[in-house]
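*Asks:* sequence-free structure coming up:
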């Protein structure tokens with residue numbers, strides 16, 4: 001087909017999509033994006049009580065105490081995400097006319113259905129409808145006090161599934177089932193059912209409602225129906241367009257938060273728009289979200305902005321101080337009735353403040369430490385391992401609190417300090433390497449004497465991404481709070497208790513008492529896979545895909561499922577391959593603990609066409625340390641020495 005014919009074909013596909021805007025009869029003015037147009041359905045959704053509640057939920061929780069301008073709400077962000085979702089989608093459609101090499105078997109007309117376009121816009125508008133008061137602070141409270149794996153995402157799906165609850169497959173989203181269970185027990189939570197009914201009435205189309213849910217959760221399935229072939233092809237792409245690392249949610253909140261805090265480290269939105277493209281996976285049969293190779297700098301800037309957002313705003317210790325005070329008030333109010341938390345999750349901030357007791361003990365921060373302050377690398381790993389385990393974390397912080405109380409009482413038997421006066425707050429930063437596909441005209445570059453193969457994955461050729469992963473882990477925080485009148489006593493006790501909370505004795509005791517085959521953690525799986533793949537810590541790993549296979553093998557041996565393989569697509573070879581983003585992220589926890597070294601380098605492969613070949617490969621090298629006898633002992637072996645004999649035998653079999 002000629003270039004002119006291609007252009008004509010794309011224009012025919014674009015016309016009904018861009019013409020959808022003719023349905024937008026309503027407008028709202030936004031300080032970042034200007035006039036934002038809305039359809040009648042979107043306007044009805046906007047005026048429901050469930051959505052209006054977002055006006056009184058601050059986007060940044062308590063950050064306004066640090067940045068006075070940061071009083072913007074989840075309401076504004078949600079409307080902004082609608083705008084960004086639509087603009088990203090339009091730019092993808094425009095970009096696809098000139099970046100269509102990897103879209104040959106994909107019909108752009110798959111997007112033409114008005115219900116699909118409306119579902120995409122509504123998914124962007126409603127993606128945060130489940131946020132509780134003070135935003136992500138409430139997520140941590142739910143995690144601390146409720147057994148169910150519940151957060152604002154699961155609440156969002158629940159609030160949007162009115163009338164479809166029984167038709168959602170339980171395996172698709174267990175968190176929804178957990179919310180339903182609690183809602184059934186909590187009779188005073190009936191008001192939210194009226195809100196859900198009102199929202200379903202505003203949408204007023206079961207097919208549209210289903211599509212919104214399937215876009216917001218790409219794994220969600222219904223008992224009584226399957227998505228159409230066309231929708232199945234684009235569903236994962238639409239999900240990434242909103243929730244992905246370069247999605248509309250992240251783009252809007254990073255731009256909005258840096259604007260209202262006045263920090264100003266903002267990336268170029270136009271450059272991000274220009275880089276949005278797609279690749280059609282011919283093996284799996286669906287469209288994948290991707291960026292063009294030319295968009296590298298813009299994407300790196302966005303990922304760097306996200307890092308500083310955490311450092312300067314979300315996990316700023318002064319912001320955490322406010323969160324700890326709020327959580328202590330919540331704890332006092334709901335100590336004997338934790339299901340009250342579900343009621344609070346449906347309220348706005350004004351209503352929650354009226355509900356809480358007016359006075360609370362004035363907690364102050366006495367200690368702030370991050371992971372890089374721990375100089376003994378083995379302790380870095382076990383601090384992270386324990387803190388990332390719900391059961392062990394509670395027992396670990398309890399042990400620290402008891403130890404501090406004992407030391408204070410030892411030096412001052414008449415001290416009035418109590419166990420409940422001591423709070424230990426741990427903020428674990430997750431390594432963050434996005435699973436992002438890159439569009440290139442050629443992934444294989446043939447030169448006079450060699451052939452270079454470029455990776456389909458963004459992080460394989462961005463040093464900034466892997467550097468950020470290490471830095472995230474090292475920024476994990478350990479903080480201790482208490483009422484101000486005990487500040488000096490506890491500070492004195494802390495000067496001699498550090499050896500206790502980082503001691504091998506404590507970590508081994510926690511493992512001995514609590515680790516069973518059933519409680520194997522994903523980092524235990526990773527340790528086992530590293531130990532086995534490196535021949536007991538003696539040989540390097542060259543191919544990352546070989547390592548992922550070893551992770552899968554360990555999981556089969558242990559009968560657990562802690563890592564799920566993702567599917568990536570090599571456009572040049574037209575083949576899918578298994579990849580594990582979460583396993584790659586966790587490798588950096590071992591790297592900052594100096595159990596392994598990680599490098600990405602061009603390495604020679606087998607000759608092809610009589611020429612040398614070069615491919616990007618990970619070199620994972622196990623580290624070792626000198627023992628008293630002068631011998632070098634693999635760090636992986638030393639890590640395993642902390643585990644009980646039965647668990648160690650499982651991990652090394």
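*Replies:* Cool, got the structure. Keep in mind that what you see is a predicted model, and the values were worked out from it rather than measured.
*Asks:* Pull the number of nearby residues for residue 307.
*Replies:* The criterion is other Cβ atoms under 10 Å. On that basis, residue 307 has 19 neighbouring residues. Where you see a C-beta, it was placed from the backbone N, CA and C, and this is true even at glycine.
*Asks:* tell me how far the helix or strand hosting it is from the chain's mean position?
*Replies:* When secondary structure is defined using DSSP states H and E, the element that contains residue 307 is helix 296-309. When distances are taken as Cα atoms, centre = their mean, to the nearest Å, helix 296-309 is centred 15 Å away from the chain's centroid.
*Asks:* do the same with stretch 519-533
*Replies:* When distances are taken as Cα atoms, centre = their mean, stretch 519-533 is centred 22 Å away from the chain's centroid.
*Asks:* Report the secondary structure state of the residue lying farthest from the centre of the chain.
*Replies:* Using Cα atoms, centre = their mean, the residue of the chain lying farthest from its centre is residue 414. It sits 46.4 Å away. Under the three-state scheme (DSSP: H, G, I helix; E, B strand; the rest coil), residue 414 adopts coil.
*Asks:* re the thing from before, what lies in contact with the helix or strand following the helix holding residue 307?
*Replies:* On the C-terminal side of helix 296-309, the closest following helix or strand by DSSP H and E is helix 317-334. The set of residues that contact helix 317-334 without belonging to it, under Cβ atoms under 8 Å, 6 or more residues apart in numbering, is 61-63, 65-66, 134, 137, 140-141, 144-145, 313, 340-341, 344, 355-357, 360-365, 368, 423, 425, 427, 477, 479, 481.
*Asks:* before we move on, the earlier item: the helix holding residue 307 packs against which elements?
*Replies:* On a contact count with 3 or more Cβ pairs under 8 Å, 6 or more residues apart in numbering; DSSP states H and E, helix 296-309 meets helix 248-261, helix 269-275, helix 463-474.
*Asks:* tell me the angle it makes with helix 463-474.
*Replies:* Put simply, helix 296-309 runs at 10 degrees to helix 463-474, going by axes from the mean of the first three to the mean of the last three Cα atoms, to 10 degrees.
*Asks:* Not counting helix 296-309 itself, show me its contacts.
*Replies:* Contacts to helix 296-309, defined as Cβ under 8 Å, 6+ apart, come from residues 245-246, 250-251, 254, 257-258, 263, 265-268, 271-272, 274-275, 291, 432, 434, 436, 458, 461-462, 464-465, 468, 471-472.
*Asks:* 7 Å instead?
*Replies:* 246, 250, 254, 257-258, 265-268, 271-272, 275, 291, 458, 462, 464-465, 468, 472 (Cβ atoms under 7 Å, 6 or more residues apart in numbering).
*Asks:* And for stretch 594-608?
*Replies:* Residues from elsewhere that reach stretch 594-608, judged by Cβ under 7 Å, 6+ apart: 377, 381, 451, 460, 466, 530, 587, 590-591, 612-623, 635-636, 639.
*Asks:* What of stretch 240-251?
*Replies:* Here stretch 240-251 makes contact (Cβ under 7 Å, 6+ apart) with 81, 84-85, 88-89, 123-124, 127, 215, 269, 272, 289, 291, 299, 302, 306, 434, 436.
*Asks:* hang on, the earlier thing: tell me which of the contacts of helix 317-334 fall in strands.
*Replies:* 363-365, 368, 423, 425, 427, 477, 479, 481 (DSSP state E).
*Asks:* Can you add neighbour count and give the residues you listed back as a markdown table?
*Replies:* Formatted as a markdown table, the entries for the ones in strands among the contacts of helix 317-334 read as follows, by neighbours: other Cβ atoms under 10 Å:
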| residue | neighbour count |
| --- | --- |
| 363 | 21 |
| 364 | 16 |
| 365 | 17 |
| 368 | 14 |
| 423 | 21 |
| 425 | 20 |
| 427 | 18 |
| 477 | 17 |
| 479 | 19 |
| 481 | 24 |
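*Asks:* from those residues, which two are the most distant?
*Replies:* Across the ones in strands among the contacts of helix 317-334, no pair lies farther apart than 364 and 427, at 17.4 Å, counting by Cβ to Cβ.
*Asks:* Show me the shaky parts of this structure.
*Replies:* For the chain, the stretches with pLDDT under 70 are 1-14, 16, 142-150, 171-189, 334-339, 342, 357-361, 626-630.
*Asks:* Show me it divided up by domain.
*Replies:* By the record's domain assignment, the chain is partitioned as 3-277, 515-652 (automatic domain parsing).
*Asks:* What's the separation between the residue lying closest to residue 204 once chain neighbours are set aside and residue 467?
*Replies:* Taking Cβ to Cβ, 6 or more residues apart in numbering as the measure, residue 204 lies nearest to residue 41, with 7.5 Å between them; neighbours along the chain are not counted. In this structure, residue 41 and residue 467 are 44 Å apart, going by Cβ to Cβ, to the nearest Å.
*Asks:* returning to what we had before: remind me which helix or strand the residue nearest to residue 204 belongs to.
*Replies:* Once you assign secondary structure using DSSP H and E, residue 41 falls within helix 40-46.
*Asks:* Give me the neighbour count for residue 110.
*Replies:* The burial metric for residue 110, expressed as a neighbour count using other Cβ under 10 Å, is 18.
*Asks:* thinking again about what came up before, among the contacts of stretch 240-251, which lie within helices?
*Replies:* Cross-referencing the contacts of stretch 240-251 against helices under DSSP state H gives 81, 84-85, 88-89, 123-124, 215, 269, 272, 299, 302, 306.
*Asks:* So residue 121 belongs to a strand, correct?
*Replies:* No: residue assignment for residue 121, taken from three-state DSSP, gives helix, which places it outside any strand.
*Asks:* For it, the count of nearby residues, please.
*Replies:* Tallying neighbours of residue 121 according to other Cβ under 10 Å, which is how burial is gauged here, yields 23.
*Asks:* need the contact list for it.
*Replies:* Neighbour list for residue 121: 42, 82, 85-86 [criterion: Cβ under 7 Å, 6+ apart].
*Asks:* before we move on, the earlier item: separate out the buried members of the contacts of stretch 594-608.
*Replies:* In terms of neighbour count (16 or more other Cβ atoms under 10 Å), the buried residues within the contacts of stretch 594-608 are 377, 381, 451, 460, 466, 530, 587, 590-591, 613-620, 622-623, 635-636, 639.
*Asks:* from those, which ones fall inside strands?
*Replies:* Using DSSP E to define strands, the subset of the buried ones among the contacts of stretch 594-608 located there is 451, 613-620, 622.
*Asks:* can you put these in a markdown table and add distance to residue 26?
*Replies:* What follows is these, written out as a markdown table (distance: Cβ to Cβ, whole Å):
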| residue | distance to residue 26 |
| --- | --- |
| 451 | 56 |
| 613 | 57 |
| 614 | 56 |
| 615 | 53 |
| 616 | 49 |
| 617 | 53 |
| 618 | 51 |
| 619 | 56 |
| 620 | 54 |
| 622 | 61 |
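*Asks:* from the residues you listed, which single one is nearest residue 23?
*Replies:* Distances from residue 23 to those, taken as Cβ to Cβ, are shortest for residue 616 (46.2 Å).
*Asks:* who does the closest one bridge with?
*Replies:* Beta-bridge pairing for residue 616 (DSSP bridges): residue 602.
*Asks:* Looks like it contacts residue 455 (just checking).
*Replies:* Yes: under the criterion of Cβ atoms under 7 Å, residue 616 is in contact with residue 455, at a separation of 5.1 Å.
*Asks:* and for the two, which residues touch both?
*Replies:* Each of residue 461 lies in contact with both residue 616 and residue 455 under the rule Cβ under 7 Å, 6+ apart.
*Asks:* just to revisit the earlier point, just name the closest of the ones in strands among the buried ones among the contacts of stretch 594-608 to residue 395, please.
*Replies:* In terms of Cβ to Cβ, no member of these lies closer to residue 395 than residue 622, at 30.1 Å.
*Asks:* All set now, cheers.
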